[in-house]
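[1] Sequence first, then the predicted structure, then my questions.
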Amino acid sequence: MEIKKVGVVGCGLMGSGIVEVCARAGYDVVVREVDESLLAKGLERVRASLLKAVARGKATQEQADQALSHIRGTLDLADLADCDLVIEAAVENMAVKKEIFAALDGLLAPHAILASNTSSLCITEMASVTKRGDKVLGIHFFNPVPVMPLIEFVRTILTSDETMRIARQFGASLGKTMVVAKDTPGFIVNRLLIPYLLDAVRLYEEGLATREDIDTAIQLGLNHPMGPLTLLDFVGLDTTLYIADAMFEEYKDPRFAAPPLLRRMVLAGRLGRKSGKGFYEY
Ligand code: 3HC
């Protein structure tokens, strides 16, 4: 089986990045959003990112135009029916994801693979509402998708060798490096990243150092591209809290327990870059 057409469900920050890298790799891409305004916003994000890639010499104008010509937006899930692979990148809500997986399972051809870009939710639970558990896996991208070179594959106890083989072929065609993890909350990256980010909030909360000094220490002392509080603003405090809560729920390990400050900042609407204010102002 060869993947020719890719469906993406959700055109938010992650979904639009996934659409972009698939279109740049030459796949026909259909992306579905829930309303016109979110779809227009998402497709505009793809256009802006391709423009940036051209400005940075990462793509020619012709390649960017070609990529755009491969992308079609829709509000109707049924328009994804002839896709060979669908990557779900909708909101991090299990009920919503199960609804999407069940609907797609009824629409797609028997050979098609169903994937989720979830960072914390159980892939096996999504597979459980389909009749194609062997063709379900996690394909976890990192933000910003066009720049970050990694894909984390999440293999459940149902995912077949053949599905993993096709997924690897697909990942390689996007130019990404791939790792495989079992279906456990956080997989590899977030299992290590989330306790680290939560600890940074705890240090700030207890007044060990200023936010700038915490970030500078890690950025220059460990050569990370961003310090942890800047990274929290970048990922989104709400997203981080959501992942931490999901991991704590499963593991009951205090390393994943969100510090009070993080929860209160989210309640106060300080979500990071997306809301204009988090640990820093934007
Ligand atoms: N397309 C292609 N390439 C692009 C691009 C685009 N749209 N936009 C930028 N680039 C390239 C640039 O040309 C540059 O490449 P070069 O190093 O070869 O010149 C490189 O990407 C960096 O771009 P910028 O110069 O614009 O930006 P910065 O140097 O300031 O880096 C950053 C920005 C890449 C976001 C960097 O700060 C970084 O890596 N931060 C950490 C990001 C991170 O950790 N992400 C993971 C978050 S966790 C996650 O996603 C998991 C989830 O489950 C929570």
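    Arrived safely.
[2] Count the residues that sit near whichever residue of the chain sits closest to the ligand.
    Residue nearest to the ligand within the chain (CB to the nearest ligand atom): S119, separated by 3.0 Å. From N, CA and C alone the C-beta is placed, and that goes for glycine too. As a burial measure, S119 scores 27 neighbours (other CB atoms under 10 Å).
[3] Might one say that it is in contact with I188?
    No. The pair S119 / I188 is not scored as a contact, 11.4 Å apart, by CB atoms under 8 Å.
[4] tell me the domain boundaries of the chain?
    Structural domains assigned to the chain are 5-182, 190-275, following automatic domain parsing.
[5] got the buried residues for stretch 9-21?
    V9, G10, C11, L13, M14, G15, S16, G17, I18, V19, E20, V21 (16 or more other CB atoms under 10 Å).
[6] Find the nearest non-adjacent residue to the fifth one, please.
    Read it as M14. A89 (4.7 Å; CB to CB, 6 or more residues apart in numbering).
[7] didn't that neighbour look like it was pressed against V9?
    Yes. Under the criterion of CB under 8 Å, A89 makes contact with V9 at 6.4 Å.
[8] from the chain's centre, how far out does the lowest-mean-pLDDT helix or strand in the chain sit?
    Least confident helix or strand, the chain: helix 237-251 with a mean of 95, by mean pLDDT, DSSP states H and E. Per CA atoms, centre = their mean, to the nearest Å, the displacement of helix 237-251 from the mean C-alpha position of its chain is 15 Å.
[9] among the domains of the chain, which is nearest E281?
    Among the domains of the chain, domain 190-275 comes nearest to E281, with 9.5 Å by CB to CB.
[10] Is any residue of the closest one near the ligand?
    Yes. Domain 190-275 lies within reach of the ligand by CB under 6 Å from any ligand atom, at N190, P225, M226, L231, V235, T239.
[11] List, one by one, the residues from the stretch 1-150 of the chain near the ligand.
    Residues of the stretch 1-150 of the chain lying near the ligand (CB under 6 Å from any ligand atom): S49, K52, A53, R56, K58, S119, F142, N143, P144, P146, V147, M148.
[12] Identify the farthest-apart pair in these.
    Within these, R56 and S119 form the most distant pair, 26.6 Å apart (CB to CB).
[13] Buried ones from the residues of the stretch 1-150 of the chain next to the ligand, can you make that a ChimeraX selection?
    Filtering those down to the buried ones (16+ other CB under 10 Å) takes a single ChimeraX command:
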select :49,53,119,142,146
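[14] Just put the residues of the stretch 1-150 of the chain next to the ligand in a markdown table and tack on pLDDT and secondary structure.
    Shown next, in a markdown table, are those (pLDDT from 0 to 100; DSSP: H, G, I helix; E, B strand; the rest coil):
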| residue | pLDDT | secondary structure |
| --- | --- | --- |
| S49 | 98 | helix |
| K52 | 97 | helix |
| A53 | 97 | helix |
| R56 | 96 | coil |
| K58 | 95 | coil |
| S119 | 93 | coil |
| F142 | 98 | coil |
| N143 | 95 | coil |
| P144 | 96 | coil |
| P146 | 97 | coil |
| V147 | 97 | coil |
| M148 | 98 | coil |
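[15] now, among the residues of the stretch 1-150 of the chain next to the ligand, which is nearest to V154?
    V154 lies nearest to S119 out of those, by CB to CB, at 10.1 Å.
[16] thinking again about what came up before, which residues do A89 and V9 both contact?
    Residues touching both A89 and V9 (CB atoms under 8 Å, 6 or more residues apart in numbering) are G15.
[17] which strand residues sit across from the residue nearest to L80 when sequence neighbours are not counted in the sheet?
    Among residues not flanking L80 along the chain, G7 sits closest, at 3.5 Å (CB to CB, 6+ apart). In this entry, G7 is beta-bridged to V30, V86, by DSSP bridges.
[18] Just give me the neighbour total for G7.
    Using other CB under 10 Å, G7 has 29 other residues around it.
[19] What of E206?
    Neighbour tally, E206, other CB under 10 Å: 10.
[20] just the one 10 residues further on next, same as before
    Residues contacting T216 under the criterion other CB under 10 Å number 14.
[21] Next, the contact list for it, please.
    So T216 contacts G227 (CB under 8 Å, 6+ apart).
[22] Just the element for it, please.
    helix 211-221 (DSSP states H and E).
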